[in-house]
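Novice: Here is my input; please provide its structure:
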Amino acid sequence: MADFGDDDVKPLFSKTHTLGLKLLALALLSLTLMFVDQRANNLQLLRSALLGEDSAARDVRVFMDRLEHDDYKNAPELNSVHCPECGAPLTHDEVWLKRGNTGYYTRSECPYCGHWYVRFKLSRRDGLHWSFARCTEPATREADARWEKHRAAFVERLRRKKEREQA
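Specialist: The predicted model follows:
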């Protein structure tokens, strides 16, 4: 039976240990790159879903990994929007209308430049975290007419619902 001393074991252990750490580091780097690539792809998909063919959209921002669905209207870091023209804070209407399956928008007002529309697109890719894409669009006659029509219908639906609940 061979007798091994401490000097015989240390070199073998440290070479194996170093190789294992290098392999672990390589695996972690590979996973990190996959995650970064997937995240970049998700950002691009969300941004594309928000904008579509819209070239008038301004101040496009993406917010990732939020836990609450209603953060688009409740979280100040998402909801605080400034006028793309002058930088003044926009004041949102109290009504947020749904746009498609996962979009919401409201009309906002700049005290100096007039009305803007703030739109959000929501995405929930992992089943837990919400991601949001936000843009600001200038108001047009067509958009204002559509807003007034849909807002009036929404307010009427809320009024009828409240009446039914009180009856």
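
Novice: I'd guessed R124 sits against D71; true?
Specialist: No - if you go by C-beta atoms under 8 Å, R124 and D71 don't touch, sitting 12.0 Å apart. No exception for glycine: its C-beta is placed from N, CA and C like everyone else's.

Novice: Overlap of the contact sets of those two?
Specialist: Here R124 and D71 have W130 as joint contacts, going by C-beta atoms under 8 Å, 6 or more residues apart in numbering.

Novice: which residues does F154 contact?
Specialist: F154 touches 95, 97, counting by C-beta under 8 Å, 6+ apart.

Novice: For this protein, which segments count as helices?
Specialist: Secondary structure of the chain by DSSP state H: the helices cover 6-51, 71-74, 76-79, 141-166.

Novice: Can you give me the buried ones in the last one?
Specialist: By neighbour count, and taking 16 or more other C-beta atoms under 10 Å as the criterion, the buried residues in helix 141-166 are 143, 147, 151.

Novice: The first one is in contact with R119, isn't it?
Specialist: Yep, that's A143 we're talking about. No - with contact defined as C-beta under 8 Å, A143 does not reach R119; the gap is 10.6 Å.
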